[in-house]
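Chemist: After the sequence you'll find the predicted model.
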Amino acid sequence: MKRESITRRDILAAMLAAPALGAGAASAPATPVAIAKCPSYAEDQVALLSGMFDRLGGLERLVKGKTVTVKVNLTGAPALKFQSKPLGVTHYTHPKQIEAFAFLAHKAGARRVRFVESAWGTAGPLAEYMLDSGWNVRQLQSAAPNVEFVNTNGIGAYKEYSKFNVPGGGLIFPSYHLNKVYRETDVFVSMAKLKNHATCGVTLAMKNIFGITPASIYGDDAGENEPNESPTKGRVNTCHFGKRPPARIAAAEKDPASSRESFDRMPRITAELNAARPIDISIIDGIETVTGGEGPWIRGLKYVKPEVMIVGTNAVCTDAVAAAVMGYDPLAPRGQGAFVKCDNQFLFAQQLGIGSADLKRIEVRGVPVADAMFRFSS
């Protein structure tokens with residue numbers, strides 16, 4: 001695949017120059033982002049994350065007395081491993097990260113911690129899906145007394161879905177129907193991997209939220225009038241790529257004549273989902289991961305060890321710094337850097353007022369971007 005990366009000098013230049021950012025970008029919020037180096041998951045992950053949150057003002061102020069919902073990244077079926085490696089060191093969230101955050105959130109006074117995902121090809125219990133992935137679920141549950149696992153691919157234990165409107169009316173869809181667990185949330189966390197994405201350029205904290213939509217409504221075998229509560233065919237590709245409308249319970253897309261091209265649609269849907277269900281904490285694991293795509297089904301995928309962690313309280317700012325660590329300009333237009341084929345999701349997020357991707361406005365705490373940089377292929 002074509003490789004277009006920026007250098008350390010480019011990063012510094014981007015932080016000093018102010019490009020044309022588009023409507024809403026100048027007023028988009030900018031918050032600090034913490035970077036830390038970590039050579040291995042054998043290192044103390046609790047101490048690592050705790051130190052990073054301390055650089056951002058502490059975790060207690062964010063989660064004390066609150067229900068915390070953590071969207072993990074379990075993209076692709078558990079059987080799809082890369083080079084026979086454990087899923088957590090390639091394209092899945094690592095279980096040690098989940099365990100460490102659960103412990104820290106409980107210690108910081110969280111009332112409840114829920115780990116959620118729209119699991120690939122099933123609406124069954126998320127704990128069973130994790131077991132199929134080779135994880136020790138009992139050990140994860142023992143990290144704190146108030147841990148739950150919820151599969152958001154369908155309605156689950158609730159009697160109805162929750163409607164989330166996109167501020168400003170949206171870009172593709174004006175609203176989304178999601179599992180009610182996302183409504184019963186005080187603090188929403190995206191726990192992502194540092195990866196490329198074949199369609200969206202990069203998949204970080206923001207793109208991780210693409211997976212919150214239920215397959216029962218938006219999936220390959222979603223219902224037509226009512227949701228299909230037993231989906232078995234992947235997650236959300238069909239509706240989000242414009243190949244069919246979602247179940248009629250949900251809003252239809254704004255313009256049925258708009259582009260059906262995934263390189264156009266996915267960045268826009270990623271941005272508007274983040275506007276509809278904003279992220280409060282972003283945790284991006286780049287200790288071990290893959291480059292060249294999001295999972296084993298991508299030709300040319302490579303295993304890499306960037307040995308870096310990135311944490312922030314604004315998803316756009318956090319992703320912008322993460323993209324820079326990957327060697328990309330987060331403000332690059334379509335056709336450049338990570339966005340050779342697709343539109344830039346960060347630019348749409350800025351226009352929606354979610355956050356800033358302008359490096360000169362984002363304070364980096366801990367390891368500087370230039371010292372953490374590990375160039376990824378596009």
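Modeler: Perfect, I can see it now.
Chemist: residues touching the residue lying closest to Ala119 once chain neighbours are set aside, list them.
Modeler: For Ala119, ignoring the flanking residues on the chain, the nearest one in space by Cβ to Cβ, 6 or more residues apart in numbering is Tyr129 at 4.3 Å. For glycine as for every other residue, the C-beta is placed from the backbone atoms N, C-alpha and C. With contacts defined as Cβ atoms under 8 Å, 6 or more residues apart in numbering, the neighbours of Tyr129 are 74, 78, 117, 119-120, 122, 151.
Chemist: Check Glu363 too.
Modeler: 30, 32-33.
Chemist: what's the closest of those residues to Leu171?
Modeler: When those are compared for distance to Leu171 (Cβ to Cβ), Ala30 wins out at 22.0 Å.
Chemist: part of a helix, is the closest one?
Modeler: No. When the secondary structure is assigned by DSSP: H, G, I helix; E, B strand; the rest coil, Ala30 falls in coil instead of a helix.
Chemist: Could you dump the contacts of Tyr129 into CSV with secondary structure, distance to Lys243 and neighbour count added?
Modeler: Listed next are those as CSV, based on DSSP: H, G, I helix; E, B strand; the rest coil; distance: Cβ to Cβ, whole Å; neighbours: other Cβ atoms under 10 Å:
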residue, secondary structure, distance to Lys243, neighbour count
Leu74, coil, 23, 24
Pro78, coil, 26, 18
Glu117, strand, 23, 26
Ala119, coil, 22, 27
Trp120, coil, 18, 21
Thr122, coil, 21, 19
Asn151, strand, 24, 23
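Chemist: hmm, back to that, neighbour-wise, give me the winner out of the contacts of Glu363.
Modeler: Taking other Cβ atoms under 10 Å as the neighbour criterion, Val33 ranks highest of the contacts of Glu363 with 30 neighbours.
Chemist: can you confirm Val116 is in a strand?
Modeler: Yes. Residue state for Val116 (three-state DSSP) corresponds to a strand.
Chemist: Now the nearest residue to it once chain neighbours are set aside: phi and psi?
Modeler: Distances taken as Cβ to Cβ, 6+ apart place Val150 nearest to Val116, at 4.7 Å, with adjacent residues excluded. Main-chain dihedrals, Val150, degrees, to the nearest 10: phi -130, psi 130.
Chemist: Enumerate every residue touching Val150.
Modeler: Val150 makes contact with 114-116, 126, 156, 179, 181, according to Cβ under 8 Å, 6+ apart.
Chemist: change it to 7 Å
Modeler: Under the criterion of Cβ atoms under 7 Å, 6 or more residues apart in numbering, the neighbours of Val150 are 114, 116, 126, 156, 181.
Chemist: buried ones in stretch 366-378?
Modeler: Of the residues in stretch 366-378, those buried by neighbour count under the rule 16 or more other Cβ atoms under 10 Å are 366-367, 369, 372-378.
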